[in-house]
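Asker: sequence and predicted structure, then a few things I'm wondering about:
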Amino acid sequence: MRGFKYAAGLLAVAAVVPLAQADTLDLVKERDAVRCGVTTGFAGFSAPDAKGDWKGLDVDMCRAVAAAVLGDAAKVKVVPLNAQQRFTALQSGEIDLLARNTTVTLTRDTSVGAIHAAINFYDGQGFLVAKSLGLKSAKDIDGATVCMQTGTSNENTMADWARANGVKYTPVVIEQFNEVVNAFASGRCDVFTTDASGLASIRISKLSNPDDYEVLPEIISKEPLGPFVRQGDDAWLNVVKWSFNAMIGAEELGLTSANVDEALDSANPNVRRLLGATPGAGKDLGVDEKWAYNIIKQVGNYGESFERNVGRDSPLKIQRGLNALWTDGGLMYPLPVR
């Protein structure tokens, strides 16, 4: 009998804990704002513009969630975080959503109280060097000093790659991102290593003479980047996951911020379900039936967000590559809304 009561007690605790954790959607509605953790400044992904307004691919992820839940993409409170702060801020409830160029890994999905909701950018770790060094390959960095930020997956990836390829290097590991950039720009280290998208951003936005630097051709890792939420917060996980899915689904269906109003009268059942003309999806998510319409109208589809922030309409000029739709040879494959 004692064993039965003990087991029943465990079941009661197990039933209560997820409920205690799964209230973010309600809290966001009550607060009327999404608290979103981003980088302290990463051009193209999350950085303030001249007016102090935060812009970027990751910021658009935050805006999409706000549009879906609150009907207004502007209802985002940006919380800048460095790499070491990010998961603590999520675990503590300081933020509702972490959208900070964070690599999805098994460890992060299982041991830090977080789980990824989507992959909004497929990336890989690379190397930025001064052209004056004459380096043509990553293997040419043997004996170099290498700058990187602490608290990231770049440290372990660099160590594993160097060991496998017989490359020796001296790490210069610094906590604050801007300090790492300054160390590289001042010549304190020969190489800067981080995700290739970050290197493109650093080269354009942080170095006084971008043409004096180049990104070496090798990519030494897979770095799928995406937003994270707290473990056990299933209703909120669904909202974030499907908010991103709405953006790539809209691109596949040809829906844009410019034509979405016309599409409300579409006879296409997939369009009608996504835009709420055929109701059901919004109710299932716990949001308004126009959740996806609001995302597309106010933020745009994924292609619009990509091109204006990091693609052809941005200073970074990053090619779509793996981030193209699956129909164009990429990995962006929207899940069906039905």
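Answerer: Received it, and whenever you're ready, just let me know what you need.
Asker: how about the helices in the stretch 51-200 of the chain?
Answerer: 57-70, 86-92, 106-110, 154-165, 177-185, 196-205 (DSSP state H, counting those that start in this stretch).
Asker: can you show me the CA trace of stretch 247-263 as CSV?
Answerer: C-alpha atoms of stretch 247-263 as CSV (Å, rounded to 0.1, in the frame of the first residue of the first chain):
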residue,chain,number,x,y,z
MET,A,247,6.6,31.6,-43.0
ILE,A,248,8.1,28.8,-45.1
GLY,A,249,4.6,27.5,-46.0
ALA,A,250,3.7,30.9,-47.2
GLU,A,251,6.7,31.1,-49.4
GLU,A,252,5.9,27.7,-50.9
LEU,A,253,2.3,28.8,-51.6
GLY,A,254,3.5,32.1,-53.2
LEU,A,255,2.0,34.2,-50.4
THR,A,256,3.7,37.5,-49.6
SER,A,257,3.1,40.6,-47.4
ALA,A,258,2.0,42.3,-50.6
ASN,A,259,-0.5,39.8,-51.9
VAL,A,260,-1.8,38.0,-48.8
ASP,A,261,-5.0,40.2,-48.6
GLU,A,262,-6.0,39.1,-52.1
ALA,A,263,-5.3,35.4,-51.1
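Asker: would you mark the buried spots in that stretch?
Answerer: 247-253, 255-257, 260, 263 (16 or more other C-beta atoms under 10 Å). Glycine gets a C-beta too; all of them are placed from N, C-alpha and C.
Asker: so which of the helices of the stretch 51-200 of the chain is nearest residue 51?
Answerer: With distances scored as C-beta to C-beta, the stretch of those nearest to residue 51 is helix 57-70 (13.8 Å).
Asker: okay, the angle between the closest one and helix 196-205?
Answerer: 110 degrees (axes from the mean of the first three to the mean of the last three C-alpha atoms, to 10 degrees).
Asker: center of this structure - which residue?
Answerer: residue 226 (3.5 Å; C-alpha atoms, centre = their mean).
Asker: poorly predicted segments of the stretch 51-200 of the chain, please.
Answerer: Scanning the stretch 51-200 of the chain with the threshold set as pLDDT under 70 gives no residue ranges.
Asker: dump the buried residues of stretch 247-263 to a markdown table, plus secondary structure, pLDDT and distance to residue 329.
Answerer: Output for the buried residues of stretch 247-263, formatted as a markdown table (DSSP: H, G, I helix; E, B strand; the rest coil; pLDDT from 0 to 100; distance: C-beta to C-beta, whole Å):
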| residue | secondary structure | pLDDT | distance to residue 329 |
| --- | --- | --- | --- |
| 247 | helix | 98 | 19 |
| 248 | helix | 98 | 14 |
| 249 | helix | 98 | 18 |
| 250 | helix | 98 | 19 |
| 251 | helix | 98 | 14 |
| 252 | helix | 98 | 14 |
| 253 | helix | 98 | 19 |
| 255 | coil | 98 | 21 |
| 256 | coil | 98 | 21 |
| 257 | coil | 98 | 25 |
| 260 | helix | 98 | 26 |
| 263 | helix | 98 | 26 |
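Asker: cool, thanks, signing off.
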